[in-house]
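> let's see this in three dimensions:
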Amino acid sequence: MDILQCLREDYQRFPADQTYSLYAPDVYFQDPLNRFRGVDRYRQMIGLIQTWFTHPRLELHDIQHTDQRIETHWTLSWTAPLPWAPRIAIAGWSELLLNPDGLISSHIDYWHCTRLHVLQQHFRASIPEHN
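Down below sits the predicted model:
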């Protein structure tokens with residue numbers, strides 16, 4: 001199994017049909033909103049994205065593998081379930097650490113923006129412009 005190829009394919013399909021077998025059962029996950037342990041919790045989080053967001057897309061810009069570390073650079077975007085349907089985008093990167101079995105034991109996401117910036121994106125399209 002080529003883990004880099006699997007990750008590239010997962011990014012293209014995201015959030016559908018992710019390859020959860022790449023992750024250790026007790027994988028540690030962290031992003032600016034969440035922190036937990038376990039591949040089942042990770043699967044649930046991806047399921048929430050599929051349920052609540054419209055047209056989610058995870059665009060992979062770069063992927064690098066050195067020793068037991070993989071770094072990916074990406075942009076996650078979706079249409080928020082609001083009447084004005086704003087398109088939200090978060091650019092960031094992930095640091096994936098591999099255990100001795102070659103499974104992802106830690107997945108930490110970093111954003112190039114603040115949580116406030118993400119929240120503000122939800123309201124830009126709803127505010128009428130004045131001349």
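> residues in contact with the residue sitting nearest the centre point of the chain?
In the chain, the residue lying closest to the centroid (C-alpha atoms, centre = their mean) is L76, at 6.2 Å. Taking C-beta atoms under 8 Å, 6 or more residues apart in numbering, we find L76 in contact with 56-59, 89-90, 92. Using the backbone N, CA and C atoms, a C-beta is placed for each residue, glycine as well.
> among the residues you listed, which are in helices?
Secondary structure from DSSP state H places none of the contacts of L76 in helices.
> gap between stretch 36-54 and the chain center?
The chain centroid and the centroid of stretch 36-54 are separated by 10 Å, computed with C-alpha atoms, centre = their mean, to the nearest Å.
> surely the residue nearest to the centre of the chain is within a helix?
No. L76 sits outside any helix when classified using DSSP: H, G, I helix; E, B strand; the rest coil, being strand.
> hey, what's it bridged with?
L58, I90 (DSSP bridges).
> measure it to H55 for me?
Per C-beta to C-beta, to the nearest Å, L76 is found 12 Å from H55.
> likewise for H73?
Distance, H73 to H55, by C-beta to C-beta: 21 Å.
> quick one, which of these two is more surrounded?
Using other C-beta atoms under 10 Å as the criterion, H73 and H55 rank with H73 on top: 16 against 9.
> surely the more buried one meets D62?
Yes. Counting by C-beta atoms under 8 Å, D62 is a contact partner of H73 at 4.3 Å.
> D62: neighbour count?
Neighbours of D62 under the rule other C-beta under 10 Å: 9.
> thanks a lot, catch you later.
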